[in-house]
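# need a structure here:
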Amino acid sequence: MKTKEGLAFKNLSTKEQQAYKAMLAAFSVYASFVDCTALDPGIGLLKIMDAVISDNPTITYFNKTLIQVEESHLGRRMLLTGVQPKPQAQKMSRTLDEHANAVISYLKTTPRDDDYTKLVRIHEFLQKNVKYDIEEFNARTNNTDTASHNAFGAIVKRLSVCDGFASAFTLLAQKLGFDCMMMSGKSTHKSAAAVPHAWNIVKIGNCHYHIDTTWDATSCQDFGELFYTYFCITDREIKKSHTWDTQTTPVCSCKNLSYYAKNGTIVTNEIKLNETIKNFIKDFTKQKTDVYRVKISSGCNLPNDPGDYLAQKFLKTVCQATQADLQINYTWNNDIRCFICKIEK
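Next up is the predicted model:
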């Protein structure tokens, strides 16, 4: 099992980094507990464990959702539950590595590919090939399948919840040479109440970006098309639905690698909106695509029901241009202001 200090480690204090190193050393030999007696008693052990696992998606041999801290006159220990025997854990680690390498080969990236291309292929692969484990999500605190919470579940079993998706993205991104970590926080996806959630932060050059493959994957499974709404977005955008300890993460403020920025489909005014629809019509008539995707900038004002307005405008324009009676299916994300529309056949 390969382990290392990553992005999460860099955002810890000196004392927290010492604790991180102690845990990483224990996890690297498949230990069943971590001796924390010599560590600063004021350090939050669960926070440090989250940081270690955020940087190291290959750590899969115990149930990270059930951790106990034991204190006695002999000292303090962090007890791991669901620990697999070392031979079994090592076999699981090798299997994960083999499958991850197979995915990397499948992605067919080359040294000439830019960072955007490499990352978006990971994002698309996980959407297409990993099913969201709704049964495990509904179990919440009574987890039944620990693999759904790590990279093994996503990459080997092709079934996971959010932290499985995020761990898998971390592992694949790291194999392609990126600094990438899993984020832990809360979100309000399809729910009025915030629930525990995991996603990613990736570093490219001097910039950091949020990527939530889980949310795009579940939207993909519902809508039947690939989503890029939560691909390489900023703190400001994701904060509308996600919360986390911002003191422990790098600032994400760059916008240049979003799908919409790379494809020139960020709409700033009515003229740009008309231009994107005309470009779609050209591709649609050549049978290149039947899906229209745009992102509406925050400075572009739309009516009270933006999704309905965009759908009607799109449908009317396309029907007039093609002289066809068409039907569409669409979705609108009000937080990120993304509109996706598909011509129904």
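
# Just name whatever secondary elements the helix or strand harbouring Ala261 is in contact with.
Under the criterion of DSSP states H and E, Ala261 resides in helix 259-262. Packing partners of helix 259-262 (3 or more C-beta pairs under 8 Å, 6 or more residues apart in numbering; DSSP states H and E): strand 291-296. The C-beta positions use only the backbone N, C-alpha and C, and glycine is treated the same way.

# Name the residue most distant from the centre of this protein?
His73 (42.0 Å; C-alpha atoms, centre = their mean).

# What's the separation between that one and Pro41?
Taking C-beta to C-beta, to the nearest Å as the measure, His73 falls 14 Å from Pro41.

# dump the residue contacts of the nearest residue to Glu225 once chain neighbours are set aside.
Of all residues not flanking Glu225 in the chain, Val291 sits nearest, at 5.4 Å (C-beta to C-beta, 6 or more residues apart in numbering). Contacts for Val291 (C-beta atoms under 8 Å, 6 or more residues apart in numbering) come out as 225, 340-343.

# Name the surrounding residues that touch stretch 19-39.
Outside stretch 19-39, the residues that touch it by C-beta under 8 Å, 6+ apart are 1, 3, 5, 9, 12, 15, 18, 40, 43, 45, 48-49, 51-52, 56, 59, 61-62, 69, 74-80, 83-84, 86, 89-90.

# Show me those that map onto strands.
69, 75-80 (DSSP state E).

# ok, which pair from those residues is furthest apart?
Farthest pair in the ones in strands among the contacts of stretch 19-39 (C-beta to C-beta) is Gly75 and Leu80. Separation: 16.3 Å.

# More neighbours: the two, which one.
Legend: neighbour count by other C-beta atoms under 10 Å for Gly75 and Leu80, higher for Leu80 (21 against 12).

# give the contact list for the spatially closest residue to the more buried one that is not a sequence neighbour.
Spatial nearest neighbour of Leu80, excluding adjacent residues (C-beta to C-beta, 6+ apart): Phe62 at 4.1 Å. Contacts of Phe62 were listed using C-beta under 8 Å, 6+ apart, and they are 32, 80-84, 146.

# How about Val251?
By C-beta under 8 Å, 6+ apart, the contact set of Val251 is 208, 235.

# Quick check: pLDDT value at it.
At Val251, the pLDDT value in this model is 96.
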